[in-house]
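Participant: Sequence first, predicted model second:
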Amino acid sequence: MTKRRKILPTTELRNRASENIDRLSTRQIVDLINAEDALVPKAVATQNKQIAAAIDLVVARFKKGGRLFYVGAGTSGRLGVLDASECPPTFGVPPSLVQGIIAGGRRALVRSAEGAEDHPEDGAAAIEKKRVRAKDVVVGLAACGMTPFVHGALKKARRIGAATIFVTCSPEAVEHIPAGIIINPVVGPEVVTGSTRMKAGTATKLVLNTLTTGAMIRLGKVYGNLMVDLKATNKKLRDRSLRILVELTGLSRRQAGNLLRRADGQLKAAVVMHFRRVDLEQALTILTASDQILRRAIVDDGETA
């Protein structure tokens with residue numbers, strides 16, 4: 001019997017354009033890396049249909065009380081944790097809504113724990129520990145597409161009944177991935193062979209940015225292109241809240257500041273208070289009745305906002 005030759009994933013192949021990169025000048029190195037990075041957005045764009053489907057799936061599960069979990073190892077895992085951690089201050093959601101799971105746990109965020117990715121049972125255990133339910137969404141992240149920790153987590157999630165999505169840069173792995181939606185931006189071999197923190201990492205971040213941003217827009221966390229549900233937890237964000245309120249209402253900074261204080265710092269409520277001429281309690285009631293969509297909430301007597 002002929003032994004089947006193991007097929008290397010695209011992420012492990014040598015990049016012909018960079019085979020002699022160690023002989024280039026510093027400027028040539030930079031130019032070459034930049035040229036390869038320019039391929040990433042085009043690769044991600046080929047997956048727009050799948051990304052849009054993933055967004056709609058996540059929004060539907062959020063509306064049912066579900067949560068979003070990213071599961072990954074190494075660079076992919078760190079990117080998942082990063083995206084999850086940025087959702088609360090940007091969109092005003094609780095930290096429990098979007099969560100990141102990384103092989104090796106918190107320690108792996110700042111120090112390599114490469115061996116942690118080799119155990120599928122640990123991935124399954126992580127899903128159990130997070131008490132993932134059928135109404136949740138689990139997104140597997142693996143540049144090579146075959147990380148055992150991630151596959152273990154996805155298989156466990158599917159048994160529970162949770163919706164599953166997978167992001168990989170390796171087309172060779174697609175047929176083996178246990179997920180309902182597969183997002184596969186093929187960025188080609190890395191400039192430094194196997195260093196998926198480069199193009200594959202960039203592609204993954206672009207996908208995750210689009211996934212959560214798109215979902216939050218559909219949930220009404222954005223008005224126009226303004227983050228009206230942000231949590232003003234520092235000086236920069238407090239100033240941003242004030243600037244947004246000034247822009248939307250035409251009030252002076254002093255007037256907007258007074259309005260924000262009456263709204264207990266809740267920007268979206270402050271906007272409703274201004275346009276509907278109501279107090280905070282009434283504004284919050286209107287927002288609830290409007291499914292937290294600001295554009296609906298500030299419409300009065302059939303006028304278009």
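Facilitator: Looks like it arrived, so ask away.
Participant: Could you check the pLDDT of the residue nearest the centre of the chain?
Facilitator: For the chain, the residue nearest the mean C-alpha position is Leu208 (3.3 Å; CA atoms, centre = their mean). What the model reports as pLDDT for Leu208 is 98.
Participant: Could you verify that it is part of a helix?
Facilitator: Yes. Looking at Leu208 with DSSP: H, G, I helix; E, B strand; the rest coil, it is inside a helix.
Participant: show me what contacts Ile7?
Facilitator: The contact partners of Ile7, by CB atoms under 8 Å, 6 or more residues apart in numbering, come to Glu172. All C-beta spots, glycine's among them, are computed from the backbone N, C-alpha and C.
Participant: cool, and Arg61?
Facilitator: Taking CB under 8 Å, 6+ apart as the criterion, Arg61 is in contact with 67-68, 135-137, 163.
Participant: again, only this time at 6 Å
Facilitator: Contacts for Arg61 (CB atoms under 6 Å, 6 or more residues apart in numbering) come out as 135, 137, 163.
Participant: could these go into TSV alongside neighbour count, distance to Thr75 and pLDDT?
Facilitator: Shown next, in TSV, are the contacts of Arg61 (neighbours: other CB atoms under 10 Å; distance: CB to CB, whole Å; pLDDT from 0 to 100):
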residue	neighbour count	distance to Thr75	pLDDT
Lys135	17	29	98
Val137	27	21	98
Ala163	22	24	98
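Participant: and which of those residues is nearest to Glu281?
Facilitator: Taking CB to CB as the measure, Glu281 sits nearest to Lys135 out of the contacts of Arg61, at 30.7 Å.
Participant: that's a strand at Ile101, yeah?
Facilitator: Yes. Ile101: assigned to a strand according to three-state DSSP.
Participant: ok, back up a step: export the contacts of Arg61 to JSON lines and tack on distance to Ala54?
Facilitator: Formatted as JSON lines, those follow (distance: CB to CB, whole Å):
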{"residue": "Lys135", "distance to Ala54": "16"}
{"residue": "Val137", "distance to Ala54": "8"}
{"residue": "Ala163", "distance to Ala54": "9"}
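Participant: pLDDT below threshold where in the stretch 151-300 of the chain?
Facilitator: Counting by pLDDT under 70, the ranges of the stretch 151-300 of the chain that qualify are 300.
Participant: Can you give me the neighbour number for the nearest residue to Val93 once chain neighbours are set aside?
Facilitator: With CB to CB, 6 or more residues apart in numbering as the criterion, Val93 has its nearest non-adjacent residue at 5.4 Å, and that residue is Cys87. By other CB atoms under 10 Å, 21 other residues sit near Cys87.
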